[in-house]
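>>> curious how this folds, go ahead:
(2 chains)
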Amino acid sequence: MEVDKGKGEAEETRKVAEADRDTVTLKSSDGKLFEVSKEAAARLSTVLAGMIAGGSIDDNGTDLKQIGSEALENVVDYCNKHANSIPSAALISSSISFNTAPFKEPEEWERKFVDRLSHDALFDLVEAANFLGMERLLDVTCHKISEMMKGKSPDQIREVFNIKNDYTKEELEEIRQELAWAFYDD
Amino acid sequence: MLVRGINFYTTDETVLTLTKSAFTNLPHPPAAKAAPLSGAVLARAPDGVDCISRLPAEILRNIVSRLPVKDAARTTVLSTRWRRVWHTTPLVLVDAHLLPRAGATATIRRASTSSVRLGAVPREVAPRGLADAVSSALAAHPGPFRCVYLTGTQMENHHDKLALWLQHLVAKGIQELFFINRIRTFDADVLLPAMIFRCTSLIKLYIGFWRFPETATLPRTAGFPHLRELGLCSLVMKERDLEFVLDRCPVL
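Below is the predicted model of the structure:
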């Protein structure tokens, strides 16, 4: 009983120390460590917020086995930039408006943030944002990808994203007939 | 925002002013057309790997929901992975996005030469006008309808479409509806069918340039239980009908 109590106290102390820190350490799939503001991580990621609240954050680096170091670096970079940026009136109002939809225009700095990414980095970041439950970052990255598709023909989109057309000629014709209104000025 | 397609030179001056003011006050649609520059550069993935198709369907839907409706529907032909993505993404439809692209005549000519190769849609299948394109799009999508913007049609010439569109909107759970009737003169007097009251899933409703339906004969249960935003613009409407509406929106 004594031992158990002591262990409990140590656990308690460790948790208090953890709670006092204002950053958390995250570990990528390839073992690299990143520090991120605890407040920003909890605000921007539902998954990290849950881990922080549940005390499952590891001082020596919380394992995020699904996320590579490049994507995690971008996630952390985004969180830190977000923590430092003053949210615009538009962003504040969008969070309290009746708008049920996930359509929030990216801020100028968020546009720049995703514009500098390579194809690979962008897609890894979308997946990381999805995995970590980062709604805002998911909005920004999906918005960027949609911008890359807008106004382009299916052929152009296939070329940009290396999508292999695995339809038969007949299948393709069938869809184009079915959705003729979407193809008439192609 | 103003939808092309009506010849403004023949439109009554006051009507034009009112129409413009109505459009200025409408909230902006969620999906926007491409900025002129964004289509200019075709940066492509360097390594030949298809990164986008491996994304979870939920993310593909998130991306597609941000595209103008024609672009969104056309993703169905990219590959079999994309076949059902648009159909399973709640519909966002802005009728202005259904208009032919500027310079479409040239594009159509090009398309006809490539039609042999790609099996493009023959011209006679193409919708005759905006109202037909709206009908086709509303019919093609199984729902739910998240947001529909209908602001470009003179409904006095399309009474048959009105009932059809409302049927789709009711059946497919429309959440946000912006329905502006386009008029040329104040003589135009088109009745908004009382069927609008069956769109019980509505959260936002903006209507303009209609004669509002009589509410006296409606069942006491008629109303918009989820409506939180209501915009009324240039309506012919009786005071008791307005009272009825306000009384029938418990969360407004």
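
>>> which residues sit in contact with residue B:225?
Applying Cβ atoms under 8 Å, 6 or more residues apart in numbering or on different chains, we find residue B:225 in contact with B:200, B:249-251. Just so you know, the C-beta spots here come from the backbone N, C-alpha and C atoms, and that holds for glycine as well.

>>> likewise residue B:204?
The contact partners of residue B:204, taken as Cβ under 8 Å, 6+ apart, are A:98, B:27, B:175-178, B:227-230.

>>> of the residues you listed, select the buried ones using a PyMOL command.
Buried members of the contacts of residue B:204, defined by 16 or more other Cβ atoms under 10 Å in any protein chain shown, are picked up in PyMOL with:
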select buried, chain B and resi 175+176+177+178+227+228+229
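
>>> of the contacts of residue B:204, closest to residue B:58?
When the contacts of residue B:204 are compared for distance to residue B:58 (Cβ to Cβ), residue B:175 comes out closest, at 18.9 Å.

>>> what's around the closest residue to that closest one other than its chain neighbours, how many residues?
Spatial nearest neighbour of residue B:175, excluding adjacent residues (Cβ to Cβ, 6 or more residues apart in numbering or on different chains): residue B:203 at 4.9 Å. Residues lying near residue B:203 (other Cβ atoms under 10 Å in any protein chain shown) number 20.

>>> picking that back up, among the contacts of residue B:204, find the lowest-pLDDT one for me.
pLDDT across the contacts of residue B:204 is lowest for residue A:98, at 37.

>>> so residue A:158 sits right up against residue B:81, yeah?
No: judged on Cβ atoms under 8 Å, residue A:158 makes no contact with residue B:81 at a distance of 11.6 Å.

>>> what mean pLDDT does stretch B:90-106 get?
Averaged across stretch B:90-106, the pLDDT comes to 77.

>>> how about residue B:94, what does it touch?
The contact partners of residue B:94, by Cβ under 8 Å, 6+ apart, come to B:29, B:31, B:68-69, B:149.

>>> strands - which of the residues you listed land there?
Among the contacts of residue B:94, the members found in strands (DSSP state E) are residue B:149.

>>> same list, the contacts of residue B:94, but as CSV with distance to chain A, pLDDT and neighbour count please.
Output for those, formatted as CSV (distance: Cβ to the nearest Cβ, whole Å; pLDDT from 0 to 100; neighbours: other Cβ atoms under 10 Å in any protein chain shown):
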residue, distance to chain A, pLDDT, neighbour count
B:29, 9, 73, 22
B:31, 8, 67, 21
B:68, 7, 95, 22
B:69, 7, 95, 26
B:149, 13, 95, 26
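
>>> of all the contacts of residue B:94, which comes closest to residue B:220?
Of the contacts of residue B:94, the one sitting nearest to residue B:220 (Cβ to Cβ) turns out to be residue B:149, at 31.2 Å.

>>> residue B:172 is in contact with residue B:144, isn't it?
Yes: using Cβ under 8 Å, residue B:172 makes contact with residue B:144 at a distance of 5.9 Å.

>>> mean confidence for stretch A:43-59?
Across stretch A:43-59, the average pLDDT comes to 88.

>>> what's that stretch in contact with?
For stretch A:43-59, contacts defined as Cβ under 8 Å, 6+ apart pick out A:14-15, A:17-18, A:21, A:24-25, A:27, A:38, A:41-42, A:62, A:78-79, A:82, A:131-137.

>>> endpoint to endpoint, that stretch covers what distance?
Using Cα to Cα, to the nearest Å, one end of stretch A:43-59 lies 19 Å from the other.

>>> that stretch: how far from the chain's middle?
Its chain's C-alpha centre and that of stretch A:43-59 lie 15 Å apart, by Cα atoms, centre = their mean, to the nearest Å.

>>> ok so, going back, just the buried ones among the contacts of residue B:225, please.
Looks like the contacts of residue B:225 have residue B:249 buried, using 16+ other Cβ under 10 Å.

>>> surely residue B:59 meets residue A:142?
Yes: counting by Cβ under 8 Å, a contact exists between residue B:59 and residue A:142, whose distance comes to 6.6 Å.

>>> which one's more surrounded, these two?
Neighbour comparison, residue B:59 and residue A:142: the larger count goes to residue A:142, with 24 against 19 (by other Cβ under 10 Å).

>>> tell me the spacing between the more buried one and residue B:182.
Remark: distance between residue A:142 and residue B:182 (Cβ to Cβ, to the nearest Å) = 33 Å.

>>> residue A:129 against residue A:137, yeah?
Yes: when contacts are counted by Cβ under 8 Å, residue A:129 is listed as touching residue A:137 (4.0 Å).

>>> what residues are shared contacts of those two?
Common contact partners of residue A:129 and residue A:137 (Cβ under 8 Å, 6+ apart): residue A:75.

>>> which residues in chain A form helices?
Under the criterion DSSP state H, chain A contains helices at A:2-20, A:38-44, A:46-53, A:69-84, A:89-96, A:108-115, A:119-131, A:135-149, A:154-161, A:169-178, A:180-183.
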